[in-house]
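> Pasting a predicted model and its sequence here:
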Amino acid sequence: MSGMGGGEKIAAHCERAKRRGGFIDRLKRMRIGVIGLGLAICAAARAGSSPEYGAVQARLARGWNTWDVRSVAAQVLLPEGFTIRVGLKHNSSENGDAFLADPLIGRQGKGVETVFPEARTWNGSYTSVRVSWRGHEFRLETAHAGDDLVMLATPLGSAGRIAPALVISAGILWNRAGSVEREGDRIGFRAPGRQVTAYWTGKEVSGIEAPVSGPYWAASFTEPVGVSTGKPRSVEEIRAVLDEQKPSAGDVKQAIETVLGWDTIYEPSQGRVITPVSRLWSVSWGGYVLFDWDTFFAASLAAVVDRDLAYANAVEILREATPKGFVPNFGRAGGWKSFDRSEPPVGAITVLGLYRQFHERWLLRDTFEPLLAWNRWWAEHRDVDGFLVWGTDAENEPRNPDDKSVGKLQAAKFESGLDNSPMYDGAPFNVATGRMELADVGLVSMYVADCDALAEMAQILGKDGEARELRGRAEKYRKQIQKLWDEKTGMFLNRDLTTGRFSYRMSPTNFYPMLAKAATAWQAERMVKEHLLNPKEFWGEWVIPSISRSDAAFSDQEYWRGRIWGPMNYLVYLGLRNYDVPEPRREFAKKSAALFEREWREKGHVHENYNAMTGEGDDVGSSDRFYHWGALLGLIAYTETEGAR
């Protein structure tokens, strides 16, 4: 065992346990508990370990692209890690010089750059951004010419009296082996088994000192400057390559691809391609952060444009599973996770959706066990009086020393994914157990949908025992959902388990029984007519607010207190697809698309959340301007259109 990593040790332990005999039978009998925990650990070790998944990551992690999380103006060649980066130096005659080294989309604050992401392909065969900073504006386009890279930086205007300098630097990232040197007007990259030479079209300006660590070119930025690898190319030749590779812009599918392209990165510590929620979030978390349901939704978005990228996101978030068997609220650079809490269980419906689209059985094999371990964890650790509740397990180790929410009500709120929802204001919380003692309609419904999806996966894989187990669990909790129906209100409601009273604070999660197919046709009709289409509650020009318009907290319009969120719209839409409500569903899809397209076309923003009164995303600082799940609003319209064909 010496020299084995943690995953290898766990895999070896699992194999020995199987050889001792009776291992699987005992798991089936006990299902949940100590041996269930053993299954969770083994399952986590097996997630995505097949040759098929290895080939997926090998196909993804190659070629030139914007792989470096810290800049949208840097191209990186994988697997070597060669990088060519574009920076801009603001020049002044006194003490006002400044340097823009690593532009990113969505920065907020005084004096920061503004980046408008233009149409691109996710794999980097074409990219384009407009950058504005310190009165200067330029466009940076890149494209592939076979294995070569071309780049063209074009000045679009400058308010300064002195022209800025364009600085093009080179290096090797992530401690990869190799060297990079400037050789006259060329820059040469060398690594074991690979040499690449880069050329430029600029006119060198002497005396420009740029704060970069590797060799660089610098030019007065008064005309277009091109870069190419493989062979010298003129600006005109570079433009021809760009024109050939440039995608047509305008439709929702292209918008989704552009969003995913700019948010997809290479994560070097584990040698993988992933799509975190945004570059700004990842940079602030030390290099990357993967959130549970956010990353599953990224997989659904990626399925529109690339099968491998969809698979990568679904598998990699499962690989973040803790030793307890649950997918954490977050997994971040440095190996830290939320070891005390999970987040909404949308993994199985995501994976089953990918299987239905691409029909590759190995994906089910690679993901079933970790998904099953997670499913069992919910029933074992979050059941109170037959209902599922949000919670926090403060006793789990290791405990994140910087997370002050562990063991408190706020951690349970974080597990819901709805961090400050008014639904949980003053919710009963048992400090001894770490449970929010509120039967949560949304959680139970998502869990039933998870059980149903996993049961179907089990049937496909020939796991009849697990399929029966999952159907039984789905039926148990589906019956519990019916106990949350309030006939007078015509809605499923959360219930305080300490008093038995319903909570009348309604959010989109109250519609999730439709996702679970737990609502009868009559109940669904009432929910849609009396609540979804009610302009005093959820309907309006911009839909669907995260708390009813009639709720006192709606006017807050801060985070989950009234704003519109892509994942809520998406889950409600999936629920509508389970019932015969075609007109409300189509109108819901149209309104979702209109919200998405408004700031996308005007500013190139895809927001974390939107104002339910004005449709704006920029009106608050707490809405990331390039958070990929905002594109779920577009995915709703795309799915509705494609489903009608």
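Ah, there it is.
> make it CA atoms for all contacts and neighbour counts henceforth
OK.
> any low-confidence regions in the chain?
When residues are selected by pLDDT under 70, those of the chain lie in 1-46, 643-645.
> so residue 365 is in which element?
Using DSSP states H and E, residue 365 maps to helix 361-381.
> Which neighbouring elements make contact with that helix?
In terms of contact count using 3 or more Cα pairs under 8 Å, 6 or more residues apart in numbering; DSSP states H and E, helix 361-381 is assigned the packing partners helix 34-46, helix 307-319, helix 347-358, helix 441-460.
> Now render those as TSV, adding mean neighbour count.
Rendered in TSV, the data for these read as follows (neighbours: other Cα atoms under 10 Å):
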stretch	mean neighbour count
helix 34-46	23
helix 307-319	24
helix 347-358	20
helix 441-460	24
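> closest to residue 104 out of these?
Put simply, out of those the one that sits nearest residue 104 is helix 307-319, at 21.8 Å, with distance taken as Cα to Cα.
> how many degrees apart are the closest one and helix 347-358 in direction?
Interaxial angle of helix 307-319 relative to helix 347-358 (axes from the mean of the first three to the mean of the last three Cα atoms, to 10 degrees): 160 degrees.
> sec struct for the nearest residue to residue 374 once chain neighbours are set aside, please.
With Cα to Cα, 6 or more residues apart in numbering as the criterion, residue 374 has its nearest non-adjacent residue at 4.6 Å, and that residue is residue 326. Classification of residue 326 using DSSP: H, G, I helix; E, B strand; the rest coil returns coil.
> Could you report the neighbour count for residue 326?
Summarising burial for residue 326: neighbours were counted as other Cα atoms under 10 Å, giving 30.
> do residue 211 as well
Using other Cα under 10 Å, residue 211 has 13 other residues around it.
> Let me have the helices and strands packed on helix 361-381 in a markdown table, adding distance to residue 230 as columns.
Below are the helices and strands packed on helix 361-381 laid out as a markdown table (distance: least, Cα to Cα, whole Å):
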| stretch | distance to residue 230 |
| --- | --- |
| helix 34-46 | 41 |
| helix 307-319 | 28 |
| helix 347-358 | 36 |
| helix 441-460 | 47 |
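> Nearest to residue 615 among those helices would be which one?
Closest approach to residue 615 among the helices and strands packed on helix 361-381 (Cα to Cα): helix 441-460, 24.8 Å.
> Only alpha carbons, please: show the helix or strand just after the closest one as CSV.
Using DSSP H and E, the helix or strand that follows helix 441-460 in sequence is helix 464-482. Coordinates of the C-alpha atoms in helix 464-482 are reproduced here as CSV (Å, rounded to 0.1, in the frame of the first residue of the first chain):
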residue,chain,number,x,y,z
ASP,A,464,-32.8,-4.8,-10.5
GLY,A,465,-32.4,-4.7,-6.7
GLU,A,466,-31.3,-1.1,-6.7
ALA,A,467,-34.1,-0.2,-9.0
ARG,A,468,-36.6,-1.6,-6.6
GLU,A,469,-35.0,0.1,-3.7
LEU,A,470,-35.1,3.5,-5.5
ARG,A,471,-38.7,3.1,-6.6
GLY,A,472,-39.7,2.2,-3.1
ARG,A,473,-38.0,5.3,-1.7
ALA,A,474,-39.5,7.5,-4.4
GLU,A,475,-43.0,6.2,-3.6
LYS,A,476,-42.4,6.8,0.1
TYR,A,477,-41.5,10.4,-0.3
ARG,A,478,-44.0,11.1,-3.1
LYS,A,479,-46.7,10.2,-0.5
GLN,A,480,-45.1,12.6,1.9
ILE,A,481,-45.3,15.4,-0.6
GLN,A,482,-49.1,14.9,-0.7
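> what's in contact with the helix or strand just after helix 464-482?
For helix 464-482, the succeeding helix or strand toward the C-terminus, using DSSP H and E, is strand 485-486. Contact partners of strand 485-486, identified using Cα atoms under 8 Å, 6 or more residues apart in numbering, comprise 491, 492, 493.
> any idea which helix or strand comes after strand 485-486?
From strand 485-486 onward toward the C-terminus, using DSSP H and E, the following helix or strand is strand 491-492.
> chain center to that following strand, what's the gap?
Mean C-alpha position of strand 491-492 versus that of the full chain (Cα atoms, centre = their mean, to the nearest Å) differs by 30 Å.
> likewise stretch 554-574?
Between the mean C-alpha location of stretch 554-574 and the chain-wide mean there is a distance of 17 Å, by Cα atoms, centre = their mean.
> And for stretch 336-343?
For stretch 336-343, the gap between its own C-alpha mean and the chain's C-alpha mean amounts to 17 Å (Cα atoms, centre = their mean).
> Give the pairing partners of whichever strand or helix holds residue 75; include direction for each.
Using DSSP H and E, residue 75 sits within strand 74-78. Neighbouring strands of strand 74-78 in its sheet, by DSSP bridges, are strand 63-65 (antiparallel), strand 82-90 (antiparallel).
> Can you tell me what sits against it?
Contacts made with strand 74-78 from outside it, assessed by Cα under 8 Å, 6+ apart, are listed as 61-68, 82-86, 102.
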